[in-house]
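> Give me a model of this one.
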Amino acid sequence: MIPDKTSVVRLAPGDKIAILSPASVINPEYVEGAVATLCQWGFNTEVMPHTLGEHGSFSGTPSERLSDFREALLDPDVKAVVCSRGGYGCVHLLLELDRIIGCGEVRKKWLVGFSDVSALHALWGKHGWPSVHASMTKHLALGGPTDPLNRQLLAMLSGETREITLPTGCSGSPAGKRNRCGEGYGMVVGGNLAVLGGLIGTPFNPVKPGSILLVEDIAEPIYKVERILWQLRLAGIFDSLAGLIVGQFTDYRAPSRDHADMYAMIDSFLGDHCPFPVAMDVPVGHIDNNHPVLLNTPARLEVGLQEAVLQYF
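As a prediction, this is how the structure comes out:
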């Protein structure tokens, strides 16, 4: 489903933003700092009741986390939901959030986050809602209101940015410089590869024919990432992609017995006759320099030798 551009929420000073924790426990100082940044931008903020909670490794029980989300979604004054962090746990909420959003009584809202929040981006896309794959409260807090990437996020939420440029070959891997140049048109979807792999074969699989797919991950061995890529290939996903954006794969051991590094494996996996453009090794993922990317919105992807450009419709 392609989002209706005319109904996309464009944030303005005075609008209300909810901060919640859909998965793991968050450092309260990051939430406090994020609130300060958002307030300096002129937004009203509400920290939902269980945002700073703790239930094992989670911020709350599934019902507590769902309660926070339900309250934020049903509040007509909330224009955006910023997740405090990822971790693990968003999958617990998908079925009930799908029902809530699908009831037709919820106004379209932005979603901001990455990592495990990729499951929620998939849900947003299922309902034709745009979202932003971006760093969360930690970067908002530590970077502050003048940080360039925080400003990019603000521009996206405000509707001021309809084009982004992503440099490629950022990790220094020789294979990370092997872009497949060209252009493609499609819905930009994706996020954390392990999370996406877990959604294949479910109603929440975000990758439809003609998609531009973004992938990144952390602490996954080379062979496990290759296994997930093969899962996607066997599911037919690579047969119909309009483009691929390969982000950062961090905190893994290299080399393996089979590949020099993650990008060498991905380059080998794609082969010599890849039918769609590929932007390799872009600064998106579990890094300090995590560039915001607008998801669930149609775009033109143009990949050159050293950068990729997304022009959103």
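> which residue lies farthest from the center of the protein?
Seen from the C-alpha centroid of the chain, the residue lying at the greatest distance (C-alpha atoms, centre = their mean) is R257, 31.0 Å away.
> what's the distance between it and A175?
Going from R257 to A175 by C-beta to C-beta, to the nearest Å gives 17 Å. For the C-beta atoms, the positions are set from N, CA and C on the backbone; glycine is no exception.
> what do you get for K79?
Note on K79: its distance to A175, by C-beta to C-beta, is 41 Å.
> excluding its backbone neighbours, what's nearest Q231?
Computed as C-beta to C-beta, 6 or more residues apart in numbering, the closest residue to Q231 that is not its neighbour in sequence is G197, at 5.5 Å.
> ok, that neighbour touching I228?
Yes: with contact defined as C-beta atoms under 8 Å, G197 reaches I228; the gap is 4.1 Å.
> who has more neighbours, these two?
For G197 against I228, the residue with the higher neighbour count under other C-beta atoms under 10 Å is G197, and the figures read 22 against 19.
> Name the SS class of the more buried one, please.
Of the three states, G197 takes helix according to DSSP: H, G, I helix; E, B strand; the rest coil.
> quick one, helices of the stretch 1-150 of the chain?
28-40, 62-74, 94-102, 118-126, 137-143, 148-157 (DSSP state H, counting those that start in this stretch).
> Now for this structure: which strand has the highest residue count?
Ranked by number of residues, the top strand in the chain under DSSP state E is strand 182-192.
> Okay, buried residues for it please.
Buried residues in strand 182-192, counting neighbours by 16 or more other C-beta atoms under 10 Å, are found at E183, G184, G186, M187, V188, V189, G190, G191, N192.
> gap between the fifth one and G143?
The span separating V188 from G143 equals 24 Å under the rule C-beta to C-beta.
> ok, now L74?
From L74 over to G143 (counting by C-beta to C-beta), the distance is 31 Å.
> Comparing those two, which residue is more hemmed in?
Between L74 and G143, counting by other C-beta under 10 Å, G143 is the more crowded of the two (19 against 13).
> How many residues are close by the residue nearest to the more buried one when sequence neighbours are not counted?
On the basis of C-beta to C-beta, 6+ apart, the spatially nearest residue to G143 that is not a chain neighbour turns out to be N150, at 4.8 Å. Counted with other C-beta under 10 Å, residues neighbouring N150 total 23.
> Bridging across strands, which residues link to the residue nearest the centre of the chain?
Centrality entry for the chain: nearest residue to the mean C-alpha point is H133, 2.9 Å, by C-alpha atoms, centre = their mean. On the basis of DSSP bridges, H133 takes part in beta bridges with G113, V293.
> I'd assumed F114 was in contact with it.
Yes: under the criterion of C-beta under 8 Å, H133 makes contact with F114 at 5.0 Å.
> And the pLDDT for the residue farthest from the centre of the chain?
For R257, the pLDDT comes out at 95.
> picking up where we left off before, could I get the contacting residues of the residue nearest to G143?
The neighbours of N150, taking C-beta atoms under 8 Å, 6 or more residues apart in numbering as the test, are T37, H139, L140, G143, G144.
> Please determine how far T45 is located from G113.
T45 is 16 Å from G113, by C-beta to C-beta.
> Walking through the stretch 151-300 of the chain, point out its helices one by one.
Chain-ordered helices for the stretch 151-300 of the chain, with DSSP H, counting those that start in this stretch as the definition, fall at 193-199, 222-234, 262-270.
> I'm done for today, thanks for sticking with me.
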